[in-house]
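Chemist: I would like to see how this sequence folds:
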Amino acid sequence: MSLKTRGTLLLVAACTTIGASTAVITATPVQAAPFVQPVAAQPSVGDPCIGAEIGRRTTDPEGRNIVCDNYRWAIDVGQRPRHPWVDDQTQ
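Modeler: Below you'll find the model as predicted:
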């Protein structure tokens with residue numbers, strides 16, 4: 001079976017044995033669903049964030065300025081974002 005991951009062709013192949021030395025291979029093209037890029041949700045206050053996002057600033061769905069601080073999205077009041085794991089490694 002062959003699947004083209006970003007295309008629309010799915011090829012299903014079947015092999016049938018007829019007798020001792022004869023084989024018949026048939027292939028049937030099947031229409032696959034198109035690739036759809038997932039849309040990232042807009043973060044809200046209290047949502048978790050990852051270490052790579054710490055210090056990133058954006059707005060939440062309500063239009064408030066938020067910042068990724070200590071692995072959570074928080075209201076941005078101009079604070080220096082905390083990243084305890086990294087801070088402990090550099091001391």
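
Chemist: Could you give the number of residues near the residue lying closest to residue 67 once chain neighbours are set aside?
Modeler: Excluding the flanking residues, the one nearest residue 67 by Cβ to Cβ, 6 or more residues apart in numbering is residue 76, at 4.1 Å. Any C-beta I mention is one placed from the backbone N, CA and C, and that applies to glycine too. Residue 76 has 18 neighbouring residues, counting by other Cβ atoms under 10 Å.

Chemist: can you check residue 67 too?
Modeler: Residues near residue 67, counting by other Cβ under 10 Å: 21.

Chemist: Distance-wise, check it relative to residue 46.
Modeler: Taking Cβ to Cβ, to the nearest Å as the measure, residue 67 falls 13 Å from residue 46.

Chemist: Surely the residue nearest to residue 67 is in contact with residue 59?
Modeler: No. Contact criterion Cβ atoms under 8 Å: residue 76 and residue 59 do not qualify, at 9.1 Å.

Chemist: Give the intersection of the neighbour lists for these two.
Modeler: Common contact partners of residue 76 and residue 59 (Cβ atoms under 8 Å, 6 or more residues apart in numbering): 65, 66.
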